[in-house]
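> fold the following and give me the result.
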Amino acid sequence: MHHDQHYRHYRSPAAMPPPPNPSPSIRRSDLLPLTDLRPDGRRPSEIRRVRCRVSSHAPSAADGTAGSSTFEWGLTTVQCVVRGPRACRNRSEENPSAGVVEAWVDLPAYSSLSGAGTAGVGCTAGHNPGAADRRAAEYARQVQAAAEGSLILELYPRSAIEIVCTVLSDGGGTGAACVNAASLALIDAGVAMRDVVCACTAGWGG
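Just a heads-up that it's a prediction; the model follows:
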């Protein structure tokens, strides 16, 4: 009797009804408005966590890499490479009394945490970005201004120092992160500096 009941109530997996559809996943952006947290999960009075690393890329004589760094600031990560001092590519760019600084910032589309995407081409400071990303050009100008104010360029006449920053993830404060990454890479490259440049962003909430 026990075996008859067992077989009578058994149903093959094919005859069983399909499981209900799983509920849609809840996104992080849906939960944050319900809390008193910033978009990156920080409390209003909490600062970003900072991690710094120098010599993140091995020096290379092939491409002239002299120093490198990785700067992480909350959800923002920037890698920087310094090349030079080296000869200027064009004689017209040379300064007989001091070196020149060339700054590039690359904002790949995958770096945007909002999914909006940005232009994936670097922009030199002072270059008209045109259709390229204007934020990259602004960050490059900030990096160039910080480097020109801290480097002893008089020691490198007719030379160029190239700074290339790549934004791996853009979680805010990216301009300051590029300046900090560039400062670390310049230290790693051994370029003569008057002082170390540090940058930050701050806001005032009413």
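> what residues are up against the nearest residue to residue 98 once chain neighbours are set aside?
With sequence-adjacent residues excluded and distances taken as Cβ to Cβ, 6 or more residues apart in numbering, residue 98 is closest to residue 153, at 4.1 Å. C-beta: built from backbone N, CA, C; applies to glycine. The contact partners of residue 153, by Cβ atoms under 8 Å, 6 or more residues apart in numbering, come to 95, 98-101, 161.
> same check on residue 134?
Counted by Cβ under 8 Å, 6+ apart, residue 134 has zero contacts.
> was I right about residue 150 contacting residue 197?
Yes. With contacts counted by Cβ atoms under 8 Å, residue 150 reaches residue 197, the gap being 4.8 Å.
> how far does the strand or helix carrying residue 83 sit from the chain's center?
Assigned by DSSP states H and E, residue 83 belongs to strand 76-87. How far strand 76-87 lies from its chain's middle: 13 Å, per Cα atoms, centre = their mean, to the nearest Å.
> what's the answer for stretch 167-177, then?
4 Å.
> what of stretch 37-51?
17 Å.
> dump it to CSV, restricted to CA.
C-alpha atoms of stretch 37-51 as CSV (Å, rounded to 0.1, in the frame of the first residue of the first chain):
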residue,chain,number,x,y,z
LEU,A,37,24.2,57.8,1.4
ARG,A,38,26.1,59.3,-1.6
PRO,A,39,26.0,57.6,-5.0
ASP,A,40,29.2,55.7,-4.2
GLY,A,41,27.9,54.4,-0.9
ARG,A,42,29.6,57.0,1.4
ARG,A,43,27.9,58.8,4.3
PRO,A,44,27.6,62.6,3.8
SER,A,45,30.6,63.3,6.1
GLU,A,46,32.7,60.4,4.9
ILE,A,47,35.8,61.0,2.7
ARG,A,48,36.9,58.8,-0.1
ARG,A,49,39.4,56.0,0.6
VAL,A,50,42.8,56.6,-0.9
ARG,A,51,45.3,54.1,-2.2
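> mean confidence for that stretch?
Averaging pLDDT along stretch 37-51 yields 77.
> need phi/psi at the residue nearest to residue 98.
Backbone torsions of residue 153, given as degrees, to the nearest 10, read phi -70, psi -20.
> if I look at it, how far off is residue 170?
30 Å (Cβ to Cβ, to the nearest Å).
> next: residue 42.
Residue 42 is 16 Å from residue 170, by Cβ to Cβ.
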